[in-house]
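K.L.:
Next comes the sequence, and after it the predicted model I'd like to discuss.
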Amino acid sequence: MSVEFVARPPRGRMYSTTRRVHAGDVDGSARLRLQALAHFFQDVATDDVADAGVTSRAGVWMMRRVEVEVFDLPRFGDEVTLDTFASGTGPRWAERRTTMRRADGVLAGILAEGVAVWVFVDPVRGRPLSLPAEFDAVYGPSAEGRRISGRLGHPKPHAEATNRLWPLRECDFDVLDHVNNARYLEAVEDELAARVPGQRVVRASVEYRGAVERGEAVTLVSEQRALDGGATELAAWLLVAGVVRVSALVTTV
């Protein structure tokens, strides 16, 4: 699926925050983990909605898909700035663009770009809801009327793909009592370390088809293929009873 990283709009709400990279965010080389990058992007989205006051007891925001381009990764102790804005809407979902850059604000210091689709969901029934009444007033100007799709497009795993059980831990579960969006990437990083050790992530696409619930048995399936220019694509899926709940396509060099 083609994803567009739209430019910052000339008007509308832009939310920015600065945070430091801590020891729990990095790998053995002291660089930010992919899972931690996802946490950073997820947290700034949550902070923006809270700061804007666009909250509703009727529903919660659930990530549908996210695409990330990585140019460089900060190291332990680095300070980064995260800028985010709404870049499009659908009937029951919205798109968000996020940029991570060096805290000095220099344009050349952009570290990573992300675009994510979030669905507004009934927390009890799990069904998508219409966007909150105040959403358009706050985020409409930056979205500029751009309509986006909530469709997913990752392929299914092949029958010969490698598979193994992926154990769930108590710390994987969040306030909604299902595995947190960013936690799934720990499984992906484990496969990257096993299959393409020492390679650098330059792009990642993650799709969320359904949440993993407490007590479910999860199978991690993966396969890889060579791309032009010496790059490699790792495809990983987390399945429950043979049904894909989360999938990821990660390009490394």
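P.N.:
Structure's in. What do you need?
K.L.:
Any idea how many residues pack against residue 89?
P.N.:
21 (other CB atoms under 10 Å). (Glycine included, C-beta is placed from N, CA and C.)
K.L.:
Also residue 155?
P.N.:
10.
K.L.:
Can you tell me how far it is from residue 243?
P.N.:
15 Å (CB to CB, to the nearest Å).
K.L.:
ditto for residue 88
P.N.:
When distance is defined by CB to CB, residue 88 is 29 Å away from residue 243.
K.L.:
Looking at those two, which is more packed in?
P.N.:
When neighbours are counted by other CB under 10 Å, residue 88 and residue 243 differ, and residue 88 comes out ahead with 22 against 9.
K.L.:
Just grab the bridge partners of that one for me.
P.N.:
residue 95 (DSSP bridges).
K.L.:
Could you list the low-confidence segments of the stretch 101-250 of the chain?
P.N.:
Counting by pLDDT under 70, the low-confidence segments of the stretch 101-250 of the chain come to 105-108.
K.L.:
Tell me which stretches of it form helices.
P.N.:
Using DSSP state H, counting those that start in this stretch, the helices found in the stretch 101-250 of the chain span residues 135-143, 184-195.
K.L.:
what would those look like in CSV with mean neighbour count and distance to residue 121?
P.N.:
Formatted as CSV, the helices of the stretch 101-250 of the chain follow (neighbours: other CB atoms under 10 Å; distance: least, CB to CB, whole Å):
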stretch, mean neighbour count, distance to residue 121
helix 135-143, 18, 14
helix 184-195, 20, 17
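K.L.:
Quick one: closest of those to residue 8.
P.N.:
Counting by CB to CB, residue 8 lies closest to helix 135-143 out of those; the figure is 8.5 Å.
K.L.:
tell me which strands and helices that closest one is in contact with?
P.N.:
In terms of contacts (3 or more CB pairs under 8 Å, 6 or more residues apart in numbering; DSSP states H and E), helix 135-143 is packed against strand 79-89, strand 93-102.
K.L.:
if you set the cut-off to 6 Å instead, what comes out?
P.N.:
Under the contact criterion of 3 or more CB pairs under 6 Å, 6 or more residues apart in numbering; DSSP states H and E, helix 135-143 touches strand 79-89.
K.L.:
before we move on, back to that, indicate which one of the helices of the stretch 101-250 of the chain is closest to residue 98.
P.N.:
Closest to residue 98 of the helices of the stretch 101-250 of the chain is helix 135-143 (CB to CB; 12.6 Å).
K.L.:
where's residue 233 relative to residue 65, distance?
P.N.:
17 Å.
K.L.:
try residue 80
P.N.:
From residue 80 across to residue 65, the span is 23 Å (CB to CB).
K.L.:
same check, this time on residue 149
P.N.:
Separation of residue 149 from residue 65 (CB to CB): 10 Å.
K.L.:
between residue 80 and residue 65, who's got more neighbours?
P.N.:
When residue 80 and residue 65 are compared for neighbours, residue 65 comes out ahead with 25 against 22, by other CB under 10 Å.
K.L.:
In three-state terms, label the more buried one for me.
P.N.:
Look at residue 65: counting by DSSP: H, G, I helix; E, B strand; the rest coil, its state is strand.
K.L.:
Grab the nearest non-local neighbour of it.
P.N.:
In this structure, residue 65 finds its nearest non-sequential neighbour in residue 207, 4.7 Å apart by CB to CB, 6 or more residues apart in numbering.
K.L.:
Make sure the one you found is actually in contact with residue 153.
P.N.:
No: counting by CB atoms under 6 Å, residue 207 sits too far from residue 153 to count as a contact (7.6 Å).
K.L.:
out of these two, which sits in the busier spot?
P.N.:
Set residue 207 next to residue 153 and count neighbours by other CB under 10 Å: residue 207 wins out with 22 against 13.
K.L.:
Now do the same contact list for residue 251.
P.N.:
202-203, 231, 233 (CB atoms under 6 Å, 6 or more residues apart in numbering).
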